[in-house]
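1. Using only what follows, build the 3D model:
(4 chains)
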Number of protein chains: 2
Amino acid sequence: MQPWQDRLDKTLTKLRERNCRITPQRVAILKVFLGSADHPSVEQVYAQVRINFPTTSLATVYKTVHLLKDIGEVLEIGTVDGRNRYDGNRPCPHPHLICTECKSIIDPKLSLLPKLTAEAETTSGFRITSHQLDFYGICPACQKK
Amino acid sequence: MQPWQDRLDKTLTKLRERNCRITPQRVAILKVFLGSADHPSVEQVYAQVRINFPTTSLATVYKTVHLLKDIGEVLEIGTVDGRNRYDGNRPCPHPHLICTECKSIIDPKLSLLPKLTAEAETTSGFRITSHQLDFYGICPACQKK
DNA sequence: ATACATGCAAAACATTTGCATAAGA
DNA sequence: TCTTATGCAAATGTTTTGCATGTAT
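-> A predicted model of the protein is given here:
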């Protein structure tokens, strides 16, 4: 029993409610997202899925990632190094730290972010519903090189 | 005399120092960046340049934008809607408030942002060089509708 | 004169789409 | 059965590259 089994079941239920079919490919793709702590690209998901499902096509991975994004089960992070990256574990927007050298992505915990959002709301009068916050820099490992 | 004349001269000097040649195309592209307050894509720069230099090729615009990015005179903002956007005016990135209803964009002044950046650096060990921060929500005018 | 930049076309990318076939419900 | 998903291939759109020609220095 994987720690994300519960999450998997909930997502499958959500798919059924939308009259989407539960195919082996979709389950496999979903499992890759839930099992990876980092922020994979479509190509990386594809490579992972093909270990167990060698017949899976890249187009299907693209279509499924789109579907999961649409139902809010996967978050599109943005373009890093020419390809889109995704987060299957925290589908709500959160800040990222992106290393411009090795392209790795970290999820920092920023206690001040709610206060910053509040400041943006009060100074502008906006009702803020979402955000995208990416810091770019050099990660500790690359600083030593 | 344009307000960015001084900046233009400095950039041209920088180019000469790097043994780069000052061509009409490069000057024209640079002027487009300095004269536009928004964040143009390569295609938009290309369209603008071709008004005065109809023979300019898209490849040259791409090469020049790359050059200007390399020497730090233009900032690559990131990919919006499938294409890269650039900022030739502001050396430092700044946050945006984007209304999802009327698409208007506001530049808020966020006094907490430096503190948030500092928190991100200390908690991660990253040396942060840049960032992108976009808040999405409903502006005051659209909330009344 | 001689590097270097330009412009054209073709290539290299990630991503999307159309359609016949396969398969979940 | 009957609709939806898959997989292939072709198309799309952006960005890059090779090379002959043009041009700034």
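
2. make it CA atoms for all contacts and neighbour counts henceforth
-> Fine.

3. which residue packs closest to A:Gln132, ignoring adjacent ones?
-> B:Asp134 (5.2 Å; C-alpha to C-alpha, 6 or more residues apart in numbering or on different chains).

4. Please read the previous query as pertaining to A:Leu68.
-> A:Val74 (5.5 Å).

5. Up against chain B, what does chain A have?
-> With C-alpha under 8 Å from any C-alpha of the partner chain as the criterion, chain A comes near chain B at residues A:78-79, A:97, A:99, A:108-110, A:112-113, A:115-116, A:119-120, A:123-140.

6. ok, now how distant is the residue nearest to A:Leu68 from B:Phe126?
-> Noted for A:Val74: a distance of 26 Å to B:Phe126, by C-alpha to C-alpha, to the nearest Å.

7. circling back to that earlier point, what's the helix or strand hosting the residue nearest to A:Gln132 in contact with?
-> Using DSSP states H and E, B:Asp134 sits within strand B:127-138. With C-alpha atoms under 8 Å, 6 or more residues apart in numbering or on different chains as the test, strand B:127-138 has contacts from A:126-140, B:77, B:92-101, B:117, B:121.

8. The residue nearest to A:Gln132 - how many residues pack around it?
-> 17 (other C-alpha atoms under 10 Å in any protein chain shown).

9. What distance do you get for it to B:Asn84?
-> B:Asp134 is 16 Å from B:Asn84, by C-alpha to C-alpha.

10. Tell me which residue lies farthest from the centre of chain A.
-> A:Thr123 (30.6 Å; C-alpha atoms, centre = their mean).

11. where does that residue land in three-state SS?
-> Here A:Thr123 is recorded as helix under DSSP: H, G, I helix; E, B strand; the rest coil.

12. wait, it sits on B:Asp107?
-> No. Look at A:Thr123 against B:Asp107 with C-alpha atoms under 8 Å: they stay out of range, at 10.6 Å.

13. Just name the shakiest helix or strand of chain A by mean pLDDT.
-> strand A:75-80 (a mean of 85; mean pLDDT, DSSP states H and E).

14. That strand near DNA strand D at all?
-> No. On the criterion C-alpha under 7 Å from any atom of the strand, strand A:75-80 is out of touch with DNA strand D, staying 10.5 Å away.

15. Report the inter-axis angle for that strand versus strand B:75-80.
-> 140 degrees (axes from the mean of the first three to the mean of the last three C-alpha atoms, to 10 degrees).

16. Tell me which strands strand A:75-80 pairs with, and in which orientation.
-> When pairing is defined by DSSP bridges, strand A:75-80 lines up against strand A:83-87 (antiparallel).

17. can you tell me if the partner strand touches DNA strand D.
-> No. Using C-alpha under 7 Å from any atom of the strand, strand A:83-87 never reaches DNA strand D; the gap is at least 10.6 Å.

18. so for the next helix or strand after that strand, what's the average pLDDT?
-> Following strand A:83-87 in sequence order, the next helix or strand is strand A:96-99 (DSSP H and E). Averaging pLDDT along strand A:96-99 gives 88.

19. export strand A:96-99 as CSV, just CAs?
-> Extracted in CSV, the C-alpha atoms of strand A:96-99 (Å, rounded to 0.1, in the frame of the first residue of the first chain):
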residue,chain,number,x,y,z
HIS,A,96,9.4,27.3,-6.7
LEU,A,97,13.1,27.7,-6.6
ILE,A,98,14.6,27.0,-10.0
CYS,A,99,18.3,26.4,-10.5
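
20. and it, how far out from the chain's middle?
-> Strand A:96-99 sits 14 Å away from the centroid of its parent chain (C-alpha atoms, centre = their mean, to the nearest Å).
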